[in-house]
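A.B. asks: below are the sequence and a predicted model; questions follow.
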Amino acid sequence: MINNRISPITKSIVFIGFMGVGKTTIGQLVAKKLYRDFIDIDQEIEKEYNMPTTEIFKQIGEKAFREKEKSLIEHFSQQPLKIISVGGGAFLQEEIRNICLDNCIVFFLDLSWEYWKDRINLIIDSRPVLQGRTLEEIKELFNNRQEIYSYHHSKVKTDGLDVEEVADYIVESLKVTWDTHE
């Protein structure tokens with residue numbers, strides 16, 4: 001369902017990309033700079049089930065997680081003035097992709113494999129999809145997911161940039177777009 005009532009200036013913004021690229025950290029900074037509410041879909045799911053994502057996957061299963069994920073994304077994407085971070089696998093669901101693309105401004109945070117693999121030790125314990133996989137299997141997953149991230153409104157290459165630089169770039173690009181829209 002397309003929410004045509006929301007002006008491009010008040011549309012919510014969604015951050016997509018592979019797990020560990022900085023969607024939450026950058027999303028929080030952008031939200032602060034634009035005076036918007038920040039929503040991390042994975043954190044919302046964890047609050048609802050009162051357990052970490054890894055436990056949700058083990059005890060309740062990925063299918064239930066994905067259904068809850070879709071429900072929350074559908075809910076928040078139709079509200080104005082939100083900054084939303086979705087999990088790395090959310091865009092695997094075509095319905096979620098369409099909801100986000102139709103109702104929000106979707107930014108793909110693009111981090112190359114060379115930069116991303118340096119973060120693996122920081123995130124592997126909290127990412128159930130990575131657990132028990134070899135580095136080669138993770139690289140294959142990383143590369144396979146790049147296709148689903150090609151569905152976006154804007155791509156930001158983040159290699160070698162700190163989170164502040166990325167957030168500032170996004171805020172400035174939005175302001176330029178909004179100025180030209182008015």
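C.D. replies: Yes, it's here.
A.B. asks: switch to C-alpha atoms for all contacts and neighbour counts from now on
C.D. replies: OK.
A.B. asks: tell me how many other residues surround the residue nearest to Ile170 when sequence neighbours are not counted.
C.D. replies: Spatial nearest neighbour of Ile170, chain neighbours left out: Val30 (7.5 Å); criterion: CA to CA, 6 or more residues apart in numbering. Here the count is done by other CA atoms under 10 Å, and Val30 has 24 residues near it.
A.B. asks: and Val30, what is it in contact with?
C.D. replies: 83, 167-168, 170-171 (CA atoms under 8 Å, 6 or more residues apart in numbering).
A.B. asks: so Ile9 sits right up against Trp178, yeah?
C.D. replies: Yes - counting by CA atoms under 8 Å, Ile9 touches Trp178, with 5.8 Å between them.
A.B. asks: quick one: which two of the contacts of Val30 are the most distant?
C.D. replies: The span of the contacts of Val30, defined through CA to CA, is set by Ile83 and Asp168 at 14.5 Å.
A.B. asks: the more surrounded of these two?
C.D. replies: Between Ile83 and Asp168, Ile83 has the larger neighbour count (other CA under 10 Å), namely 30 against 15.
A.B. asks: tell me if the more buried one really is in a strand.
C.D. replies: Yes - under DSSP: H, G, I helix; E, B strand; the rest coil, Ile83 falls within a strand.
A.B. asks: distance of it from Ile60?
C.D. replies: 28 Å (CA to CA, to the nearest Å).
A.B. asks: brilliant, that's me finished.
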